[in-house]
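Asks: Here is my input; please provide its structure:
(chains A and B)
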Amino acid sequence: MKDYEILDAVGGIDPAFVNDAAEKPVKKKPAFRFQWAAAVCALLAMVLIIPAVLRKGGTPSYDDGEQPLAPIRLLAFNGLLYEAVENPALLKQHGLPETITEDMAGPHVSWLILENDTYQESTAATDIELLAYTKADGRSVYILHENDTYTFMLFCNILAYDSNTCSPFETLYAVYGINSADDLVSIAETDWNRNKTIGKMITERSEIETFYEASLKLEPYGNDDFQAQLFDGIEEEKQTQIHSEFADDCRTVRLETADGRYFWIDVHPSFGWIYGRGTLSYYPVSEEMNIWLQANLH
Amino acid sequence: MDDSKIVDLYLARDESAIVQTAEKYGASLRRIAYSILHTEPSAEECENDTYLETWNRIPPNEPRSWLFAFCGRIIRHLAIDECRKLHAQKRSAQYCELTKEMEQCIPSSSDTEGSFHADQLTQMINEYLKTCSEEKRNLFVRRYWYFDSIEEIAGRYGISESKVKTALHRMRKELKTHLSKEGYTI
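Replies: Numbering: from 1, shown residues only, chains lettered A, B, ... in the order given. Here you go, the predicted structure:
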């Protein structure tokens, strides 16, 4: 049997299916631009919760007098969402220097305009320029040049078309310039606010290669499909409980790139799911990945 | 005209049956052929051959409630056959894409024990489609029966292209598993 024969065989399916598919569907309303909701939630968490926790823990991350609710400046560029980050603690956490020196600013990438705290591409030259960052591969960080100041634009997440958009791990790796396991130098579990390493830091090549290969094979689920998998058929009261259990089950895993950048994924071992953060996608843990997690997570 | 009356015309060997079929379904049938052939003359030729084939097949067939699906099956077959005969470089991208996707549904011979006839394969695909939700099934049918592009399907149902791609990807995997379990082999 050849590929075209199976395509031909579809021709004989139940005519009722053909008629059903011929009917004009009632079009759904265009989905709410989920990426903005996701981005705003994530950024609010970053701006409000993390500093509060850091302060509570006695680790000052902002200078005295700095407003925690500083305006958020976003950039939607090439299908990805970025945020302007100046906070030294956050930059350090992401493996970036506090100050940007001349040699870090690479070639011109795009002209931008700022509208409602969001930078957008401009076809005409403007006084805001997006530059490449010479110290890292991929598209996870750019440098914003505006009014003679230089600011890092950090990748937050992909721009999702709707609440069920999903992307494979490969997409996440591509953003960070990871083309093979050699581009990853360490994997470690951290505490939830990503400051402290828990357990051992994995640097053995064989372990990293196994993780890398297993992660590429994970099947991505969009949020809607994930929610359906987790909650469908479960009573509403029980759903709330499961939701809390799922959140409590979260283990934060940090991946370090060869050029010293860090990014994070969430592992929910008891539920058998991984959340890709940057991809806004969920991945059911495969057997191969499960073995790796059991052997390597604290 | 009602499908049943058109079929009556075929049964009575009345040539106006072809005119009535062409009036009612001509454009939709031609569109199916055009979707994978991408040339108007070839699609028209397939359409004309479809009427002739329909004429030859009714009787003994009497597709009173499924005349469009009946003719659709014929034109699909003719269009696929036409594509297959073309030199690889001349085949439409849509045909290559569709056959490549369908390839993913075929279990390797090591997965299964027996081999099956094309009709049995259709039966298995039917059984699989019965297990799917109507929403998912419609995506599959629009893609692999009507040969719609991903963009067209997304537009038709008001969903994202990535959702369409993901749903179809999962369905192909499920279909492969289903065919494997049923013992289907190449």
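Asks: so where's chain B uncertain?
Replies: B:87-92, B:106-117, B:184-186 (pLDDT under 70).
Asks: what about 50?
Replies: B:109-115, B:186 (pLDDT under 50).
Asks: Okay, domains of it per the record?
Replies: Per automatic domain parsing, the domain ranges recorded for chain B read B:3-90, B:104-181.
Asks: Counting neighbours, which bits of stretch B:78-86 end up buried?
Replies: B:78-80, B:82-84 (16 or more other C-beta atoms under 10 Å in any protein chain shown). (Each C-beta comes from the backbone N, C-alpha and C, glycine too.)
Asks: And the helices in chain A, which stretches?
Replies: Counting by DSSP state H, chain A has helices at residues A:3-10, A:15-22, A:34-44, A:50-56, A:88-93, A:169-175, A:205-216, A:223-231, A:236-248, A:287-296.
Asks: swap in chain B?
Replies: Here chain B has its helices, by DSSP H, at B:3-11, B:16-37, B:40-57, B:67-85, B:93-103, B:118-130, B:134-144, B:150-157, B:161-181.
Asks: who are the neighbours in contact with residue 94?
Replies: Because you didn't say which chain, this covers chain A. For residue A:94, the contacting residues are A:85, A:141, A:154, A:261-263, by C-beta atoms under 8 Å, 6 or more residues apart in numbering or on different chains.
Asks: actually it's chain B I care about, not the one you picked
Replies: B:35-36, B:38, B:147, B:149.
Asks: can you put these in CSV and add neighbour count and distance to residue A:75?
Replies: Below are these laid out as CSV (neighbours: other C-beta atoms under 10 Å in any protein chain shown; distance: C-beta to C-beta, whole Å):
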residue, neighbour count, distance to residue A:75
B:35, 20, 39
B:36, 25, 41
B:38, 15, 39
B:147, 25, 39
B:149, 17, 31
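Asks: From residue A:286, how far out is residue A:272?
Replies: 9 Å (C-beta to C-beta, to the nearest Å).
Asks: deepest of the helices of chain A, which one?
Replies: The highest mean neighbour count among these, using mean count of other C-beta atoms under 10 Å in any protein chain shown, belongs to helix A:3-10: a mean of 22.
Asks: by contact count, what packs against it?
Replies: Judged by 3 or more C-beta pairs under 8 Å, 6 or more residues apart in numbering or on different chains; DSSP states H and E, helix A:3-10 is in contact with helix B:67-85, helix B:93-103, helix B:118-130.
Asks: pLDDT of that helix, averaged?
Replies: Averaging pLDDT along helix A:3-10 gives 79.
Asks: what's the angle between that helix and helix B:118-130?
Replies: With axes from the mean of the first three to the mean of the last three C-alpha atoms, to 10 degrees applied, the angle from helix A:3-10 to helix B:118-130 works out at 70 degrees.
Asks: coming back round to it: got a winner among the contacts of residue A:94 for most neighbours?
Replies: residue A:141 (25 neighbours; other C-beta atoms under 10 Å in any protein chain shown).
Asks: That one pairs with what?
Replies: Beta-bridge pairing for residue A:141 (DSSP bridges): residue A:154.
Asks: One more: the one 4 residues further on?
Replies: Assessed by DSSP bridges, residue A:145 has beta-bridge partners residue A:129, residue A:150.
Asks: Least confident of the helices of chain A, on average?
Replies: When the helices of chain A are ranked by mean pLDDT, helix A:50-56 comes last with a mean of 43.
Asks: tell me the phi and psi of the one residue sitting closest to the centre of chain B?
Replies: Nearest to the mean C-alpha position of chain B, by C-alpha atoms, centre = their mean, lies residue B:145 at 3.0 Å. Phi and psi for residue B:145, reported as degrees, to the nearest 10, are phi -100, psi -50.
Asks: who in the stretch 51-200 of chain A is up against chain B?
Replies: A:161-162, A:164-167 (C-beta under 8 Å from any C-beta of the partner chain).
Asks: can you put the helices of chain A in TSV and add distance to residue B:49?
Replies: Shown next, in TSV, are those (distance: least, C-beta to C-beta, whole Å):
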stretch	distance to residue B:49
helix A:3-10	15
helix A:15-22	20
helix A:34-44	47
helix A:50-56	68
helix A:88-93	67
helix A:169-175	44
helix A:205-216	46
helix A:223-231	42
helix A:236-248	56
helix A:287-296	51
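Asks: for these, which one sits closest to residue B:66?
Replies: Nearest of the helices of chain A to residue B:66, taken as C-beta to C-beta: helix A:15-22 at 3.3 Å.
Asks: So which of the helices and strands packed on helix A:3-10 is nearest residue A:95?
Replies: Between residue A:95 and those, the shortest separation by C-beta to C-beta is 39.9 Å, and it involves helix B:93-103.
Asks: how big is the angle separating the closest one from helix B:134-144?
Replies: 130 degrees.
Asks: Which residue, other than its chain neighbours, is closest to residue A:256?
Replies: Spatial nearest neighbour of residue A:256, chain neighbours left out: residue A:186 (4.3 Å); criterion: C-beta to C-beta, 6 or more residues apart in numbering or on different chains.
Asks: The one you found and residue A:78, how far apart?
Replies: In terms of C-beta to C-beta, residue A:186 sits 28 Å off from residue A:78.
Asks: what do you get for residue A:16?
Replies: Note on residue A:16: its distance to residue A:78, by C-beta to C-beta, is 44 Å.
Asks: and if you look at residue A:88?
Replies: Residue A:88 is 27 Å from residue A:78, by C-beta to C-beta.
Asks: And the residue nearest the centre of chain A?
Replies: Note: chain A centre (C-alpha atoms, centre = their mean) maps to residue A:278, 0.6 Å.
Asks: For that one, which residues are in contact?
Replies: By C-beta under 8 Å, 6+ apart, the residues touching residue A:278 are A:155-158, A:172, A:175, A:263.
Asks: repeat that with 6 Å
Replies: Residue A:278 sits next to A:157, A:172 when contact means C-beta atoms under 6 Å, 6 or more residues apart in numbering or on different chains.
Asks: cool, and residue B:152?
Replies: Counted by C-beta under 6 Å, 6+ apart, residue B:152 has zero contacts.
Asks: ok, how many other residues are close to residue 121?
Replies: No chain in the question, so chain A it is. 15.
Asks: look at chain B instead
Replies: Neighbours of residue B:121 using other C-beta under 10 Å come to 22.
Asks: before we move on, back to that, going by how many neighbours each has, rank residue A:186 and residue A:78 and give me the top one.
Replies: Shown here are residue A:186 and residue A:78; by other C-beta under 10 Å, residue A:186 has more neighbours (17 against 11).
Asks: Please give me every residue in contact with the more buried one.
Replies: Residue A:186 makes contacts with A:201, A:203, A:256, as judged by C-beta under 6 Å, 6+ apart.
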